[in-house]
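> Could you look at this predicted model? Sequence included:
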Amino acid sequence: MSRPLLPSNNPVERRGAESGRASLEFLVTGVVLFIPVLLLTVTLWGIQQASLATEAAARHGVRALSMATNAEQGVRGVERAVATAMESFGVESTYRIDIDCRPAGRCVEPGSVVRVRVSTEVALGSIPPIPAALPLSVPISGHADARVSEYRGRP
């Protein structure tokens, strides 16, 4: 018996050529979509972590400076507070601390206003479509202001 040259309208005969392909297509599509979403999530997590760390570090740093009795002690307190906050949040990148006082040079005088700014950069990592020669990073900074109390350093 010979087979007809035209395709059959019988669904049982047509199913054999395509059976099992939907699950494979679903898995491939899922993996192709999952990997970029995972990379984006990890990148956003790092940016959020650095943002929280710089804000907390600046807040604790300005508190240490505004409670200090002399400028040298205040700067050491800022450095310790910022280092502790950045370490607590797991930020391992380098950071920069800027201290600004108004009036200038009078950081620990009662009534002066101090500002601490902490800045860092978050590397976006090596995303496969982007060449490694293009190091991408996002600058993150946090700042805090405080007025030096007239009662600072007194019991």
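Looks like it arrived, so ask away.
> In contact with the closest residue in space to R80 that isn't next to it in sequence, which residues are there?
Once its chain neighbours are removed from consideration, R80 has its nearest residue in A64; the separation is 7.2 Å (C-beta to C-beta, 6 or more residues apart in numbering). (C-beta placed from N, C-alpha, C; glycine too.) A64 makes contact with 74, 77-78, 80-81 under the criterion C-beta atoms under 8 Å, 6 or more residues apart in numbering.
> And the residue nearest the centre of this structure?
Here the mean C-alpha position of the chain is nearest to the C-alpha of I47 (C-alpha atoms, centre = their mean), at a distance of 1.5 Å.
> circling back to that earlier point, how far does the helix or strand containing the residue nearest to R80 sit from its chain's centre?
Using DSSP states H and E, A64 maps to helix 21-66. A distance of 7 Å separates the centroid of the chain from that of helix 21-66, by C-alpha atoms, centre = their mean, to the nearest Å.
> ok, back up a step: can you give me the neighbour number for the nearest residue to the residue nearest to the centre of the chain once chain neighbours are set aside?
Nearest in space to I47, with sequence neighbours left out and distances taken as C-beta to C-beta, 6+ apart, is V122 at 5.2 Å. Using other C-beta atoms under 10 Å as the criterion, V122 is surrounded by 20 other residues.
> Now V122: which helix or strand?
When secondary structure is defined using DSSP H and E, the element that contains V122 is strand 113-123.
> what bridges to the residue nearest to I47?
Listed by DSSP bridges, the beta-bridge partners for V122 are V138.
> on that earlier part again, any idea which helix or strand comes after the helix holding A64?
Using DSSP H and E, the helix or strand that follows helix 21-66 in sequence is helix 71-88.
> who touches that next one?
So helix 71-88 is in contact with 53-54, 56-58, 60-68, 95, 97, 99, 107-108, 116, 118, 120, going by C-beta under 8 Å, 6+ apart.
> By mean pLDDT, which helix or strand of this structure comes out lowest?
Of all regular secondary-structure elements in the chain, judged by mean pLDDT, DSSP states H and E, the least confident is helix 11-18 with a mean of 56.
> Next one: T43 from E25, what distance?
Between T43 and E25 the distance, using C-beta to C-beta, to the nearest Å, works out to 28 Å.
> Looking at the two, which is more packed in?
A side-by-side neighbour count of T43 and E25, using other C-beta under 10 Å, places T43 first with 17 against 9.
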